[in-house]
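S.K.: Structure of the sequence below:
(one chain, ligands or ions: 1)
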Amino acid sequence: QWPPKVAFGQDVFEDKWEFPRHCLTLEHVLGEGEFGQVVRAQAHMLRPQEESSVVAVKMLKPEASGAEYQDLVSEFQLLKEVDHPNVIKLLGVCTLKGPLYVIVEFCELGSLRSFLRASKFKNKGSWEDKQRSGNDPSMISEKNETRILTFRDLFSFAWQISKGMDYLSGLKIVHRDLAARNVLVTEGMKMKISDFGLSRDVYEADTYLKMSKGRIPVKWMAPESLYAQIYTTKSDIWSYGVVLWEVVTLGASPYPGIPPERLFPLLSTGYRMDRPDDCPEELYAIMQKCWKTEPEHRPSFFMLTDILDSLLQQNT
Ligand code: ADE
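M.R.: The predicted structure follows:
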């Protein structure tokens with residue numbers, strides 16, 4: 001019997017979130033992983049005033065196993081509990097008479113990684129160019145199109161992600177896969193933390209070790225996650241430091257040229273990524289704080305939000 005819904009109890013899926021499957025028209029694939037995919041869709045009568053709304057539907061591929069099904073169920077259960085402008089919003093779920101669909105808000109500008117990379121070739125200038133372009137309305141394009149990003153934009157992205165993570169950590173949610181590919185961007189360059197599939201409540205310690213290690217990209221992982229599978233808000237802080245590096249390099253791949261298996265020995269000797277060209281000292285200083293070997297020496301998302309707040313003030 002598939003999906004094995006009974007295994008999770010009657011109260012897993014509540015009527016409140018159930019959306020009629022026939023009111024969903026699937027369009028095209030927005031993104032995919034090994035076992036899951038996200039499809040753009042039209043949802044009919046989702047909101048009272050709207051005949052049809054664009055949404056994103058997360059679903060499993062046929063090759064997915066029970067573990068991936070459980071991950072999607074966990075993602076749905078976490079999303080039900082969260083409500084923050086910088087966290088992806090759950091819109092509904094289809095569980096009856098067919099495959100499990102988790103419906104979330106559609107983010108027009110795609111993942112932060114692709115958004116940064118798309119803006120990169122328009123951003124070949126220096127610090128001064130970026131500052132200047134921020135005040136030049138001719139450089140700011142119509143909606144949906146990338147424009148030259150200023151450092152203020154980049155600080156704002158960092159601040160928004162930190163705000164969303166501060167909210168999640170307050171709910172004792174550990175993301176475990178924070179990376180620019182898992183942050184979505186909506187119109188007005190609003191950041192939405194996404195991909196909760198691997199998240200676990202901090203207090204559900206027994207579920208950590210069941211995860212297969214290879215499923216989380218090592219270049220975003222804290223040393224204690226790499227060697228002891230320990231995931232906490234402090235290991236999310238480490239990943240956040242890598243996200244800052246991705247932001248300031250406009251979507252480059254971290255530790256270029258270093259094979260993943262070399263990473264742990266390198267980090268153990270104290271090696272860290274250099275300050276990228278053009279990266280403001282203040283931003284690199286934050287990355288270095290996030291990459292402290294001792295988790296308790298790393299700052300909190302609350303502290304990071306505060307530091308970024310003052311960086312934003314200085315760059316108005
Ligand atoms: N790709 C993955 N999830 C998405 C979403 N919610 N909106 C737009 N693109 C996506």
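
S.K.: Secondary structure element for whichever residue of the stretch 51-200 of the chain sits closest to the ligand, which one?
M.R.: In the stretch 51-200 of the chain, the residue that lies nearest the ligand is Ala56 (3.2 Å; C-beta to the nearest ligand atom). Heads up, the C-betas are built off the backbone N, CA and C, glycines and all. Per DSSP states H and E: Ala56 is located in strand 52-60.

S.K.: after the least confident helix or strand in the chain by mean pLDDT, next one along is what?
M.R.: Ranked by mean pLDDT, DSSP states H and E, the weakest helix or strand in the chain is strand 200-201, scoring a mean of 46. Sequence-wise, the next helix or strand downstream of strand 200-201 (DSSP H and E) is helix 223-228.

S.K.: Write out the residues of the chain neighbouring the ligand.
M.R.: By C-beta under 6 Å from any ligand atom, the residues of the chain that approach the ligand are Leu30, Gly31, Val38, Ala56, Val104, Phe106, Cys107, Gly110, Leu184.

S.K.: With pLDDT as extra columns, can I get those residues in a markdown table?
M.R.: Formatted as a markdown table, these follow (pLDDT from 0 to 100):
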| residue | pLDDT |
| --- | --- |
| Leu30 | 93 |
| Gly31 | 89 |
| Val38 | 94 |
| Ala56 | 97 |
| Val104 | 97 |
| Phe106 | 97 |
| Cys107 | 97 |
| Gly110 | 94 |
| Leu184 | 97 |
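
S.K.: List only those of those residues flagged as buried.
M.R.: Leu30, Gly31, Val38, Ala56, Val104, Phe106, Cys107, Leu184 (16 or more other C-beta atoms under 10 Å).

S.K.: for the helix ranked longest in the chain, packing partners?
M.R.: Identified as the longest helix of the chain according to DSSP state H is helix 151-170. The contact analysis (3 or more C-beta pairs under 8 Å, 6 or more residues apart in numbering; DSSP states H and E) places helix 151-170 against helix 127-134, strand 190-193, helix 233-248, helix 281-290, helix 301-314.

S.K.: of all those, which lies closest to Pro223?
M.R.: With C-beta to C-beta as the measure, helix 233-248 is the member of the helices and strands packed on helix 151-170 nearest Pro223 (7.9 Å).

S.K.: So which elements touch the following helix or strand past that closest one?
M.R.: Going down the chain from helix 233-248, the next helix or strand is helix 260-268, by DSSP H and E. Packed against helix 260-268 by the contact rule (3+ C-beta pairs under 8 Å, 6+ apart) you find helix 223-228.

S.K.: re the thing from before, just put the residues of the chain next to the ligand in TSV and tack on secondary structure.
M.R.: Putting those into TSV (DSSP: H, G, I helix; E, B strand; the rest coil) gives the following:
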residue	secondary structure
Leu30	strand
Gly31	strand
Val38	strand
Ala56	strand
Val104	strand
Phe106	coil
Cys107	coil
Gly110	coil
Leu184	strand
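
S.K.: Distance to Ala222 added to those, as CSV?
M.R.: What follows is the residues of the chain next to the ligand, written out as CSV (distance: C-beta to C-beta, whole Å):
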residue, distance to Ala222
Leu30, 29
Gly31, 25
Val38, 27
Ala56, 29
Val104, 27
Phe106, 32
Cys107, 27
Gly110, 27
Leu184, 23
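
S.K.: Select, from these, the two members most distant in space.
M.R.: Using C-beta to C-beta, the two most remote members of the residues of the chain next to the ligand are Val104 and Gly110, lying 13.6 Å apart.

S.K.: For the helices and strands packed on helix 151-170, which has the smallest mean pLDDT value?
M.R.: When the helices and strands packed on helix 151-170 are compared on average pLDDT, helix 127-134 comes out lowest at a mean of 49.

S.K.: and Asp195, what does it touch?
M.R.: Glu75, Asp177, Asn182 (C-beta atoms under 8 Å, 6 or more residues apart in numbering).

S.K.: for Tyr101, which residues make a bridge with it?
M.R.: In this entry, Tyr101 is beta-bridged to Cys94, by DSSP bridges.

S.K.: what about Phe121, neighbour count?
M.R.: For Phe121, the count of nearby residues is 9 (other C-beta atoms under 10 Å).

S.K.: Export stretch 83-100 to PDB, keeping only CA atoms.
M.R.: The C-alpha coordinates for stretch 83-100 follow below in PDB (Å, rounded to 0.1, in the frame of the first residue of the first chain):
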ATOM      1  CA  ASP A  83       5.000  32.000  10.000                       C
ATOM      2  CA  HIS A  84       7.700  34.500   9.100                       C
ATOM      3  CA  PRO A  85       8.200  36.900   6.200                       C
ATOM      4  CA  ASN A  86      11.600  35.300   5.500                       C
ATOM      5  CA  VAL A  87      10.500  31.700   5.600                       C
ATOM      6  CA  ILE A  88       8.600  30.000   2.800                       C
ATOM      7  CA  LYS A  89       4.900  29.900   3.400                       C
ATOM      8  CA  LEU A  90       2.800  26.700   3.300                       C
ATOM      9  CA  LEU A  91      -0.400  27.000   1.300                       C
ATOM     10  CA  GLY A  92      -1.900  23.600   1.500                       C
ATOM     11  CA  VAL A  93      -1.400  19.900   1.000                       C
ATOM     12  CA  CYS A  94      -2.900  17.100  -1.200                       C
ATOM     13  CA  THR A  95      -2.900  13.800   0.600                       C
ATOM     14  CA  LEU A  96      -6.100  12.100  -0.600                       C
ATOM     15  CA  LYS A  97      -6.400   9.800  -3.700                       C
ATOM     16  CA  GLY A  98      -3.000  10.300  -5.100                       C
ATOM     17  CA  PRO A  99       0.600  11.200  -4.400                       C
ATOM     18  CA  LEU A 100       1.500  13.600  -1.500                       C
END
